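> sequence plus predicted model, see below.
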Amino acid sequence: MNSILESFKSNPVHDLNHIIPLDFKTANNLPDSHKWTDHPIVDPFTVGSVPIIDLSDPNAISLIRHACEKWGVFQVTNHGIPLNLLKQVELQTLRLFSLPADQKVSALRSPDGITGYGQPRISVFFPKMMWSEVFSMMGSPMEHATKLWPHQHDHQANFCNIMEEYQKEMKKVSEKMFKLMVESLGVSLEEVEWLKPTMSCKDPQTLLQLNSYPVCPESDTSRAMGFAPHTDSSFLTVLHQSTTTSDLQIFRDNIGWMPVHPISGALVVNVGDLMHILSNGQFNTVLHRVLVNNTHHRVSAAYFYGPPRDVKISPSINLIDHDHPPLFCPVSWKELLDIRAKHYNKALDFFRNDIVTAK
Ligand SMILES: C=C1C[C@]23C[C@@]1(O)CC[C@H]2[C@@]12CCC[C@@](C)(C(=O)O1)[C@H]2[C@@H]3C(=O)O
Ligand SMILES: O=C(O)CCC(=O)C(=O)O
Ligand SMILES: [Fe+2]
């Protein structure tokens with residue numbers, strides 16, 4: 001079974017120190033284990049800002065194409081997700097991460113698991129720990145909710161209902177964004193046949209991850225890292241971020257790091273590695289990171305949208321000709337994750353036709 005769950009089983013995290021987060025509530029300074037070297041911030045006013053696309057704009061498709069090519073990220077408005085649901089997700093997220101540490105640890109992600117509470121998966125690639133904690137789910141989070149709130153059945157049910165409803169809405173909006181991106185490339189939807197209603201066994205693989213960045217106790221927050229630089233491996237990621245601070249940043253070649261300022265009600269859409277492959281390198285998989293602040297507890301909800309199990313992604317035949325040979329060989333999401341588990345952000349090179357790399 002070529003699914004992303006299998007990838008986690010075959011690449012377990014051996015060191016519990018990379019799964020169990022710090023007890024942020026009791027930390028009154030930034031421990032050495034969490035001190036990173038300085039990472040300078042670029043002045044946002046000199047370099048433009050991440051495109052904002054209104055989905056009801058008649059030019060939305062060409063704006064999406066431009067944003068995916070030049071930025072690899074954009075913010076969408078008029079996406080159809082009820083604002084009240086976004087608020088509810090944010091409140092439930094704050095509530096979950098405000099629980100005592102031992103209660104959160106009772107729902108710990110297992111070393112070879114994908115769902116539950118813990119540190120970001122990429123922690124194993126860095127010598128320093130991140131100032132963050134995450135909770136991931138695929139479908140109903142009930143199994144974990146019963147551990148988080150063992151005596152509060154109402155709360156378990158509330159949490160699960162909101163998260164399930166949110167995943168349903170995210171699936172719809174991700175599918176919409178995926179179709180718009182594919183269409184904007186001039187690629188026929190026939191090619192991505194698993195989107196057809198008749199192919200119900202070919203469901204996309206998805207994951208919802210709630211991220212928490214507690215208030216940093218140090219005044220010089222530049223020594224802490226909320227989420228280390230990475231690209232997402234999915235086709236695309238739809239992110240809801242709390243509006244309190246501008247800690248999410250993207251990296252642009254020849255410019256540097258720049259912020260993705262939160263806009264109330266808007267969703268951030270990241271192009272991921274698999275979309276970079278499908279577009280034969282035309283769409284840019286965006287490198288991003290999260291800083292921390294010393295005033296607000298920041299939360300976000302990231303929905304990763306990828307192909308069904310066993311489906312191999314390769315550059316679209318519509319984008320290939322004599323002058324544009326396929327840059328990548330076919331790869332499933334699981335195969336990409338297997339290589340990322342060992343080689344992290346260098347993984348894409350392993351599937352490039354013009355680079356021979358030993359796996
Ligand atoms: C669906 C997935 C995307 C992800 C790997 C995973 O299988 C589960 C965790 C996801 C996540 C979330 C934070 C950033 C990221 C790079 C990570 O380490 O874990 C992504 C993974 C990814 O995009 O490869
Ligand atoms: O918290 C954020 O804004 C981004 C989190 C992120 O990049 C991720 O979950 O992959
Ligand atoms: Fe990400």
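Okay, I see it. Ligands and ions are numbered 1, 2, ... in the order given.
> ok, the nearest residue to W257 once chain neighbours are set aside to D232 distance?
In this structure, W257 finds its nearest non-sequential neighbour in Q249, 4.5 Å apart by Cβ to Cβ, 6 or more residues apart in numbering. (Glycine included, C-beta is placed from N, CA and C.) Plainly put, Q249 is 15 Å away from D232 if you go by Cβ to Cβ, to the nearest Å.
> ok, S132 next?
In terms of Cβ to Cβ, S132 sits 16 Å off from D232.
> avg pLDDT for stretch 8-23?
Regarding stretch 8-23, the rounded mean pLDDT is 87.
> now do it: distance to the chain's middle.
Distance, stretch centre to chain centre, for stretch 8-23: 18 Å (Cα atoms, centre = their mean, to the nearest Å).
> what about the closest residue to ligand 1 within the stretch 1-150 of the chain, distance to N78?
Taking Cβ to the nearest ligand atom, ligand 1 has its nearest neighbour within the stretch 1-150 of the chain at R121, 3.4 Å off. To N78, R121 is 33 Å away according to Cβ to Cβ.
> so between these two, which is more surrounded?
Applying other Cβ atoms under 10 Å to R121 and N78 shows that R121 carries more neighbours, namely 21 against 13.
> now the more buried one. Nearest residue, chain neighbours left out?
Ranked by Cβ to Cβ, 6+ apart and with sequence neighbours excluded, the top spatial neighbour of R121 is V13, at 7.5 Å.
> contacting residues for the one you found?
I19, P111, D112, R121, V124 (Cβ atoms under 8 Å, 6 or more residues apart in numbering).
> does it count as helix, strand or coil?
coil (DSSP: H, G, I helix; E, B strand; the rest coil).
> quick one: which helix or strand includes S136?
Counting by DSSP states H and E, the element that carries S136 is strand 133-137.
> in the helix or strand just after that strand, what counts as buried?
On the C-terminal side of strand 133-137, the closest following helix or strand by DSSP H and E is helix 142-148. Buried residues in helix 142-148, defined by neighbour count with 16 or more other Cβ atoms under 10 Å: H144, A145, K147, L148.
> ok, stretch 239-257 next?
Using 16+ other Cβ under 10 Å as the test for burial, stretch 239-257 gives 239-242, 245-252, 257.
> next one: stretch 170-186
In terms of neighbour count (16+ other Cβ under 10 Å), stretch 170-186 has its buried residues at M170, K171, V173, S174, M177, F178, L180, M181, V182, S184, L185.
> ok, now which ones touch the second one?
K171 makes contacts with P204, T206, Y305, as judged by Cβ under 8 Å, 6+ apart.
> equivalent analysis for the fourth one, please.
Remark: with contacts taken as Cβ under 8 Å, 6+ apart, S174 is in contact with P204, T206, L236, V238, Y303, Y305.
> if you set the cut-off to 7 Å instead, what comes out?
L236, V238, Y303, Y305 (Cβ atoms under 7 Å, 6 or more residues apart in numbering).
> in TSV: the residues you listed, plus secondary structure.
Shown next, in TSV, are the contacts of S174 (three-state DSSP):
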residue	secondary structure
L236	strand
V238	strand
Y303	strand
Y305	strand
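> re the thing from before, what's the closest of the buried residues of helix 142-148 to L337?
Closest approach to L337 among the buried residues of helix 142-148 (Cβ to Cβ): H144, at 21.5 Å.
> what sits closest to that closest one if chain neighbours are left out?
Per Cβ to Cβ, 6+ apart, closest to H144 is A107, 4.0 Å.
> contacts only, for V260.
V50, V73, L248, Q249, I250, V268.
> looking at S132 and D232, which is more packed in?
S132 (27 against 22).
> doesn't A224 make contact with that one?
No: using Cβ atoms under 7 Å, S132 is not in contact with A224, being 9.4 Å away.
> how close does the residue of the chain positioned farthest from its centre get to P315?
Most distant from the centre of the chain: H322, at 34.7 Å, with distances by Cα atoms, centre = their mean. Taking Cβ to Cβ as the measure, H322 falls 14 Å from P315.
> repeat for D338
20 Å.
> out of the helices and strands in this structure, which is least certain?
helix 4-10 (a mean of 85; mean pLDDT, DSSP states H and E).
> now it: buried residues?
Buried residues in helix 4-10, counted by 16+ other Cβ under 10 Å: I4, L5, E6, S7, F8.
> and the third one, what is it in contact with?
I take that to be E6. Residues near E6 by Cβ under 7 Å, 6+ apart: K334.
> can you list the residues of the stretch 201-350 of the chain near ligand 1?
Proximity of the stretch 201-350 of the chain to ligand 1, by Cβ under 6 Å from any ligand atom, involves residues L207, Q209, H230, D232, S233, S234, F304, L337, R340.
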